[in-house]
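> Predicted model and sequence below, questions to follow.
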Amino acid sequence: MAQDLTPQYTVPGIELEAAGRLIGVLRTRLHALNDLHLTLKHVHWNVVGPHFIAVHEMVDPQVDRVREMADDVAERIAALGGVAQGTPGALVSERTWDDYSIGRADAIAHLGALDLVYTGVITDVRAAVKEAGEVDPATEDLLIEQLRDLEQFQWFVRAHLESAGGKLATAGVSTETDAASRGGEVG
């Protein structure tokens with residue numbers, strides 16, 4: 001049974017039920033961002049191989065920005081009159097995706113898997129932008145700003161996975177394990 005997220009109050013100009021729908025969308029975004037932050041840190045800690053330092057140093061600014069995004073989403077939830085559920089238990093019980101599946105691995109393997117993670121996150125943010133745009137331009141704007149940054153981060157990842165001819169090693173894969181194994185097929 002879906003939880004009723006309708007707040008007791010919200011920002012001026014938004015109906016309470018609409019605010020409740022936005023809060024639901026933003027809670028999922030909050031969980032995705034908290035999960036992405038932890039996944040990026042996991043990659044940072046478990047990357048090995050000849051591209052170690054490049055990936056290790058590329059990921060930390062992404063971690064910092066994703067943490068800022070999560071904070072912005074949590075504050076928007078609160079402004080709309082909702083409760084920002086930022087606990088690990090809420091994340092795990094409410095998420096609709098599986099946990100990151102790659103442990104200690106070569107940098108390119110992690111980047112292959114991370115490309116798939118970013119694809120999922122970006123796809124979901126695009127859907128959230130559309131839903132928010134029907135109700136609240138401020139929430140829509142927040143999500144669009146985050147979308148731009150997430151797409152740039154995926155571009156950074158994909159630059160390591162793309163051949164000089166423009167072929168993406170992870171094209172067409174559907175699992176992190178497949179993406180990790182295909183990441184090494186650049187060239």
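Looks like it came in fine.

> quick one, what contacts residue 72?
142, 146 (Cβ atoms under 8 Å, 6 or more residues apart in numbering). For the C-beta atoms, the positions are set from N, CA and C on the backbone; glycine is no exception.

> measure it to residue 27 for me?
Distance, residue 72 to residue 27, by Cβ to Cβ, to the nearest Å: 14 Å.

> can you check residue 12 too?
Distance, residue 12 to residue 27, by Cβ to Cβ: 22 Å.

> Neighbour count: the two, which is higher?
residue 27 (23 against 5; other Cβ atoms under 10 Å).

> What segments of the chain are helices?
Per DSSP state H, the chain carries helices over the ranges 16-46, 52-79, 88-94, 107-133, 137-159, 176-183.

> Can you add distance to residue 6 and mean pLDDT and give those helices back as a markdown table?
As requested, these are exported to a markdown table (distance: least, Cβ to Cβ, whole Å; pLDDT from 0 to 100):
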| stretch | distance to residue 6 | mean pLDDT |
| --- | --- | --- |
| helix 16-46 | 4 | 97 |
| helix 52-79 | 13 | 97 |
| helix 88-94 | 17 | 92 |
| helix 107-133 | 16 | 97 |
| helix 137-159 | 16 | 98 |
| helix 176-183 | 36 | 88 |
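
> Now distance to residue 3 too, for those helices, in CSV please.
Converted to CSV, the helices of the chain look like this (distance: least, Cβ to Cβ, whole Å):
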stretch, distance to residue 3
helix 16-46, 8
helix 52-79, 13
helix 88-94, 9
helix 107-133, 17
helix 137-159, 19
helix 176-183, 29
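
> Quick one, which of those gets closest to residue 101.
helix 176-183 (4.8 Å; Cβ to Cβ).

> helices or strands up against that closest one?
helix 107-133 (3 or more Cβ pairs under 8 Å, 6 or more residues apart in numbering; DSSP states H and E).

> quick one: the helix it packs on to helix 176-183, angle?
130 degrees (axes from the mean of the first three to the mean of the last three Cα atoms, to 10 degrees).

> buried sites along helix 107-133?
107-118, 121-122, 124-125, 128-129, 131-132 (16 or more other Cβ atoms under 10 Å).

> Tell me who's in contact with the most centrally placed residue in the chain.
By Cα atoms, centre = their mean, the chain has its centre lying nearest to residue 121, at 4.0 Å. Going by Cβ under 8 Å, 6+ apart, residue 121 touches 32, 36, 150.

> Please report how far the closest residue to the first one other than its chain neighbours lies from residue 168.
In this case it means residue 32. In space, residue 32 comes closest to residue 121 once its chain neighbours are excluded; the distance is 5.6 Å by Cβ to Cβ, 6 or more residues apart in numbering. Going from residue 121 to residue 168 by Cβ to Cβ gives 17 Å.

> again, but for residue 88
From residue 88 to residue 168 the distance is 33 Å (Cβ to Cβ).

> Look at those two and report which has more neighbours.
Just comparing residue 88 and residue 168: by other Cβ under 10 Å the higher neighbour count belongs to residue 168, 15 against 11.
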